[in-house]
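K.L.:
need a structure here:
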Amino acid sequence: MDCSAEIVNWNGTNQWDQYDSIFVCSTWDIPKDPQKFLDWLDKRERLINDKAVLIDNVIKSRYLSHLIQIIGEDYLKGNAITPSLFYSRKGNPVDNIKATGGSSLDDLLGERDNSPLWQGKPVVIKPVISADGIDTCIYNRNNIPIQLMKDQQHLLQGPEAQQHFDRLLDRADLRGVILQPYLSGVEQGEYSLIFLAGKFSHAIQKPNGFRQDDSTKRVPVSLASLPTGMIDFCHLLLKVMSQKYRKGSLTRVRVDLFQQGDHFVLCELECTEPNMNLQRFSSKEQDSLFQEYASAIKNRTLEL
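P.N.:
As a prediction, the model looks like this:
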């Protein structure tokens, strides 16, 4: 079966019914008008990944809270999801987001400081709906040294952190704020593993440190060179996600994770607009990966 593809803007005026499938990618402008994008998704059919997957992935509190419920967040005892708190001004049970109740950032964090997963640690603050690390900062509440941080402007102290927290809460269209303990394992380099139709495709490792976003310094990693047990944890994550949705819903996924001590911790499971990092591979490898990528999209299109 011959196929053709057309690159279009989701925000355009296309006749969407003319397409056999709509493959969503590179939508890094979502935070500019997230509700408009969610409304667009809601009206579309034959999406890749599936609509329910994309909506839950855009509203990060939904899929992260689901994974935490099933897999857990205790990285001291085993492989885990990054511990996460989700807050907005009024709360939203559908999004698994709690109301702040007028509490300050320090008050909310103080409620968690009896847990060794949180106690005294710097805290990552980011919007529930975000892309490309926009508005992601660290509240270094106890002045703990943070190694290999690319840009010190993202390191906040008390009043600055509260202001950033309030500013994100005031953006109701971003759905809320995610608070996560800063884990030093990221300083050893985050891994990104790509899966197509449930099968491992390729992987890279990012430079050591927080928000080290220079894509030219990402290094391809073969399956055989991945840390022992990492691929198994990724398959578990995909299994849990697949069981939540209909068969074949996850066509393309990027799993971002790092090692924290002896265990693996998930940062993000990106299903909406993942950078596939194909440019870090040789021309010959890219040709093979592009064919694999296209086949996954074509096969899913035939299923829809």
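K.L.:
which residue packs closest to residue 127, ignoring adjacent ones?
P.N.:
Leaving aside its sequence neighbours, residue 127 sits nearest to residue 174 (C-beta to C-beta, 6 or more residues apart in numbering; 4.2 Å). All C-beta spots, glycine's among them, are computed from the backbone N, C-alpha and C.
K.L.:
And that neighbour, how far from residue 126?
P.N.:
To residue 126, residue 174 is 10 Å away according to C-beta to C-beta, to the nearest Å.
K.L.:
One more: residue 176?
P.N.:
Distance, residue 176 to residue 126, using C-beta to C-beta: 10 Å.
K.L.:
Common neighbours of those two, please.
P.N.:
Shared contacts of residue 176 and residue 126 (C-beta atoms under 8 Å, 6 or more residues apart in numbering): residue 168.
K.L.:
neighbour count winner among those two?
P.N.:
Neighbour totals were compared for residue 176 and residue 126, and residue 176 leads with 28 against 21 (other C-beta atoms under 10 Å).
K.L.:
Out of the helices and strands in this protein, which is least certain?
P.N.:
Between all helices and strands in the chain, the lowest mean by mean pLDDT, DSSP states H and E belongs to strand 155-156, at a mean of 88.
K.L.:
Which strands border that one, and is each parallel or antiparallel?
P.N.:
With DSSP bridges as the test, strand 155-156 is paired with strand 137-139 (parallel).
K.L.:
which other residues reach the partner strand?
P.N.:
Under the contact criterion C-beta under 8 Å, 6+ apart, strand 137-139 has outside partners 105, 122-126, 146, 149, 154-158, 161, 164, 182, 210.
K.L.:
what about it, average pLDDT?
P.N.:
Across strand 137-139, pLDDT averages out at 93.
K.L.:
Excluding chain neighbours, what is closest to residue 293?
P.N.:
Residue nearest to residue 293 in three dimensions, not counting chain neighbours: residue 196, with 6.3 Å by C-beta to C-beta, 6+ apart.
K.L.:
Tell me who's in contact with the one you found.
P.N.:
Contacts here follow C-beta under 8 Å, 6+ apart; on that basis residue 196 touches 251, 252, 292, 293, 296.
K.L.:
likewise residue 83?
P.N.:
Contacts of residue 83 (C-beta under 8 Å, 6+ apart): 68, 73, 75, 117, 118, 180, 181.
K.L.:
Name the helix or strand for it, please.
P.N.:
Assessed by DSSP states H and E, residue 83 sits outside every helix and strand.
K.L.:
That one and residue 64: what is the separation?
P.N.:
Computed as C-beta to C-beta, the residue 83 to residue 64 distance reads 10 Å.
K.L.:
So which bits of stretch 108-124 are buried?
P.N.:
The neighbour-count criterion (16 or more other C-beta atoms under 10 Å) identifies 108, 109, 112, 117, 118, 121, 122, 123, 124 as the buried residues of stretch 108-124.
K.L.:
Which of those fall within helices?
P.N.:
Judged by DSSP state H, helices contain the following of the buried residues of stretch 108-124: 108, 109.
K.L.:
With respect to residue 22, which of the buried residues of stretch 108-124 is nearest?
P.N.:
Closest to residue 22 out of those is residue 124 (32.4 Å), distances taken as C-beta to C-beta.
K.L.:
Contacts only, for that closest one.
P.N.:
Shown in contact with residue 124 (C-beta under 8 Å, 6+ apart): 136, 137, 138, 139, 178, 179, 180, 181, 182.
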